[in-house]
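S.K.: Sequence first, predicted coordinates after that:
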Amino acid sequence: MKIDLKKLRAMHPELPGDVAVAILVRAGLALQRNGHATGAAVYLQLERAASQGSLAWRHADMKAIGLHDDNRITEDGAEAVTLAVFHRHFEWCVVRRMQIEEHADWLLERTAEAGRETAALEVSGVDRGSIASRLTQRLTQVAKSIDVDQRWAGVVGFERPIAALESKKRGQRA
């Protein structure tokens, strides 16, 4: 499955242009600082089902990396990858950025058989190392979101590209 980050705005028309540009540039920086080139393989863990894909993005100017905060590169890059994967696999679209007291980063929606569904999505990134504990932390956080139909956490690892998406099912303990 090909995940083309260059199509992020088409996937999420409500995503503000300036936000899309910033997170796409930082996704490129995060991937390239770990030695990856566009077309890199990505390991996908979607609700614990594993598969492989590829990631495509616009080449980032690595001379400009010093103008960015290292943490913002990782976190914003993870948002770009997660939003693309979330749309590509589950057809969710951005409605708006959520506020800190809402316990998630993004409010998304999709049309299902029963009508409109909403989801809270909490995203995080890991530049190097395992994503397992971060995914658990983000699931605990997003479980506190209210007034949504579903609660999801997404974590992206950039050392060996991996994108994990997992939902917090209703009735599961936070």
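M.R.: Alright, I've got the coordinates. Just so you know, these numbers come straight off a predicted model, no measurement behind them. Numbers count the residues shown, from 1 in each chain.

S.K.: as a whole number, average confidence for the biggest helix by length in the chain?
M.R.: The helix spanning the most residues in the chain, taking DSSP state H as the definition, is helix 70-90. The average pLDDT within helix 70-90 is 97.

S.K.: cool, and stretch 137-153?
M.R.: Summarised as a single mean, pLDDT over stretch 137-153 is 97.

S.K.: Just give me how far the longest helix of the chain sits from the chain centre.
M.R.: The chain centre lies 3 Å from the centre of helix 70-90; the measure is CA atoms, centre = their mean, to the nearest Å.

S.K.: Buried residues in it, which are they?
M.R.: Buried residues in helix 70-90, counting neighbours by 16 or more other CB atoms under 10 Å, are found at 73-90. C-beta here means a position set from N, CA and C on the backbone, and glycine is covered the same way.

S.K.: Which elements pack onto that helix?
M.R.: Under the contact definition 3 or more CB pairs under 8 Å, 6 or more residues apart in numbering; DSSP states H and E, helix 70-90 sits against strand 2-4, helix 8-11, helix 17-33, strand 40-46, strand 106-112, strand 115-126, strand 150-157, strand 162-168.

S.K.: quick check: angle from that helix to strand 40-46?
M.R.: On the basis of axes from the mean of the first three to the mean of the last three CA atoms, to 10 degrees, helix 70-90 is oriented at 70 degrees to strand 40-46.

S.K.: Quick check: what element follows helix 70-90 along the chain?
M.R.: Taking DSSP states H and E as the definition, the helix or strand that follows helix 70-90 towards the C-terminus is strand 93-97.

S.K.: Quickly run through the sheet partners of that following strand, with directions.
M.R.: For strand 93-97, the pairing partners within the sheet under DSSP bridges are strand 106-112 (antiparallel).
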